[in-house]
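Trainee: structure for this input, please:
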Amino acid sequence: MKVFKRSIRNVLRNPLRLILVVVLLSTSLMFVAAMVSLSTHAQNALAAVHQQLGTAITVRHVPNEPPSSGTNSHNHGGISANEPGSSNPTTPVPLPNSLMQKIKSIPGVVGTEERLVRPASEGTLKGTSVNGPGGQLNNIVINVNGFSKGASHFTLSQGTPPTLVAGRNFQDSDANAYVAMMSQELAQINHLALGSTFTLQGKTFTLIGLFTTTDQFSQSSIVIPMAIMQQVFGINGVDSMIVYAKSYEQVEAVVASLRQALGKQYDVSTQAAQYSGVFSAIGAAQKAIQLALIVSIGIAVMVTIFAVLMLVRERTAEIAILKTIGASHLQILRQFWTEIVILSITAAVIAVLLLAALGPIVSQQFTFSLPSVIVGNSTRMQNGTVINEKPIDPTINNIHLAPATLNAQTFLLILGLGIGLALLTSMIPTWFISHIKPAEILRKTH
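Mentor: Residues are numbered from 1 along each chain as shown. Okay, here's the model as predicted:
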């Protein structure tokens, strides 16, 4: 206890220097913890992009030459959201069902999403509406989407995932049943509720689920089992398939296997180039965070070394006197070690408080801005003219850098780093005291 009290008094000898050292050390410790936290979040964000976007491979029939723009007699002045990725408003050539099974058997393929989208052109249901450029109200043509049994991923025709808000999702037993899901807005417009029936392509369907979506065009969507959709629309196959590799690193190998197995009449493309800007933005943020981390660690080390050197050098006479009166090296070192630990723990506690208060503010300086990514083409009818549109991938909006906040991990990191620096710099007084010769020091002081 005497050693501890004496250490407190020694630390408080020079209050101005103490404040300066503690402020610099605690700030650098706070930045180290914040940068480690942000670096982890950036790695998680990059892994999420690779998992959600970078592992997807699109397979479709090689498209024919796009026709010239003109009117679409089936739109009746509405807005049609066709299959993303289609370069023109014509119906894509289907991938036959036999080919789908071949694709699923390719080594490295861990999941697929089959896409089959057709407009509900018979007019028994009313589609949702959207305000046009001139303020006029345009009806969106209803798109019917096929849902494959056991699908590992599913998005609507604009590339947006639906969110179930009422009822239930499809089950394996629904694969050959006339059941359907639709957007909540579309159901309200047509005065439909869960359990209601409606007619589609001359068949009666029962509504089992309602969903919402962030895309206004996808609000005018119906989802039915894939086998039933192929039956009622008379289609043997799907418009396209999205194949998912096990990892981002395996994508190229899976692409090569698919191209070898399918031949030149099918287009196999990855999203690597499409999302290269996203990868670059996250990578740049990671580099900035890593640089700030190195600088913060460097500052913390230099401040601690400076503080300990000043602490030891200004007390050489005191050390010499203690050694003269018989104090052992261990007794003297214990005094300095206690002072160093007190200094480091004080800075660590303040760093914890700083991170809790300033962590979100520091994080804002390292946020990355992700570029908008086009997921394909869609078309809409305006004033009798077919207009090509390029919908933006909504998944990008969900990718962000979580702020650095105080939690158990960052608390232990700050505390551990503070104690680690204390142990590291404790070698300075150990070396210094072992080389002090009391007679020479005392002779110089008199």
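Trainee: just give me how far stretch 325-343 sits from the chain centre.
Mentor: Counting by CA atoms, centre = their mean, to the nearest Å, stretch 325-343 is centred 49 Å from the centre of its parent chain.
Trainee: now that stretch - C-alpha only, PDB.
Mentor: What follows is stretch 325-343 as a C-alpha-only set of coordinates in PDB (Å, rounded to 0.1, in the frame of the first residue of the first chain):
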ATOM      1  CA  ILE A 325      20.900   3.300   1.300                       C
ATOM      2  CA  GLY A 326      20.500  -0.300   0.400                       C
ATOM      3  CA  ALA A 327      17.400  -0.500  -1.700                       C
ATOM      4  CA  SER A 328      17.500  -3.500  -4.100                       C
ATOM      5  CA  HIS A 329      16.900  -3.300  -7.900                       C
ATOM      6  CA  LEU A 330      13.600  -5.100  -7.400                       C
ATOM      7  CA  GLN A 331      12.400  -2.600  -4.800                       C
ATOM      8  CA  ILE A 332      13.200   0.400  -7.000                       C
ATOM      9  CA  LEU A 333      11.700  -1.200 -10.100                       C
ATOM     10  CA  ARG A 334       8.600  -2.100  -8.300                       C
ATOM     11  CA  GLN A 335       8.100   1.600  -7.600                       C
ATOM     12  CA  PHE A 336       8.500   2.600 -11.300                       C
ATOM     13  CA  TRP A 337       6.500  -0.300 -12.500                       C
ATOM     14  CA  THR A 338       3.600   0.700 -10.300                       C
ATOM     15  CA  GLU A 339       3.700   4.300 -11.600                       C
ATOM     16  CA  ILE A 340       3.800   3.100 -15.200                       C
ATOM     17  CA  VAL A 341       0.800   0.800 -14.700                       C
ATOM     18  CA  ILE A 342      -1.200   3.600 -12.900                       C
ATOM     19  CA  LEU A 343      -0.400   5.900 -15.900                       C
END
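Trainee: list the buried residues for stretch 180-189?
Mentor: Residues of stretch 180-189 classed as buried: 180-187, 189 (neighbour count, 16 or more other CB atoms under 10 Å). Using the backbone N, CA and C atoms, a C-beta is placed for each residue, glycine as well.
Trainee: quick one: low-confidence parts of the stretch 1-150 of the chain?
Mentor: By pLDDT under 70, the weakly predicted segments of the stretch 1-150 of the chain are 1-14, 49-54, 64-91, 131-137.
Trainee: surely S257 touches S105?
Mentor: No. Assessed by CB atoms under 8 Å, S257 is found out of contact with S105, at 10.3 Å.
Trainee: so for the two, which sits in the more crowded spot?
Mentor: A direct count of neighbours by other CB atoms under 10 Å for S257 and S105 places S257 higher, at 16 against 9.
Trainee: which helix or which strand is home to the more buried one?
Mentor: The secondary structure element spanning S257 is helix 251-262 (assigned by DSSP states H and E).
Trainee: what do you get for E113?
Mentor: Element membership for E113, per DSSP H and E: strand 109-115.
Trainee: give the buried residues for that strand.
Mentor: Across strand 109-115, burial judged by 16+ other CB under 10 Å covers 109, 111-115.
Trainee: what is the next helix or strand after it packed up against?
Mentor: Downstream of strand 109-115, the first helix or strand assigned by DSSP H and E is strand 117-119. Judged by 3 or more CB pairs under 8 Å, 6 or more residues apart in numbering; DSSP states H and E, the packing partners of strand 117-119 are strand 143-147.
Trainee: burial count for the closest residue to L192 other than its chain neighbours?
Mentor: Excluding its sequence neighbours, the residue lying closest to L192 (CB to CB, 6 or more residues apart in numbering) is L207, at 5.6 Å. Residues lying near L207 (other CB under 10 Å) number 21.
Trainee: for L207, list the residues it contacts.
Mentor: Taking CB atoms under 8 Å, 6 or more residues apart in numbering as the criterion, L207 is in contact with 167, 179-182, 187, 192-198.
Trainee: domain ranges for this protein?
Mentor: Recorded structural domains for the chain (assignment: automatic domain parsing) are 2-48+279-366+401-445, 65-94+110-242.
Trainee: to A56, which of these lies closest?
Mentor: When the domains of the chain are compared by CB to CB, domain 65-94+110-242 sits nearest A56, at 5.3 Å.
Trainee: tell me how far that closest one is from the chain's mean position?
Mentor: Centre to centre, stretch against its chain (CA atoms, centre = their mean), the figure for domain 65-94+110-242 is 28 Å.
Trainee: same thing with stretch 421-430?
Mentor: 41 Å.
Trainee: mean confidence score for it?
Mentor: For stretch 421-430, mean pLDDT rounds to 75.
Trainee: and if you look at stretch 407-416?
Mentor: Averaged over stretch 407-416, pLDDT sits at 83.
Trainee: give me the contact list for it.
Mentor: Residues contacting stretch 407-416 (CB under 8 Å, 6+ apart): 29-30, 32-34, 36-37, 345, 348, 351-352, 355, 404.
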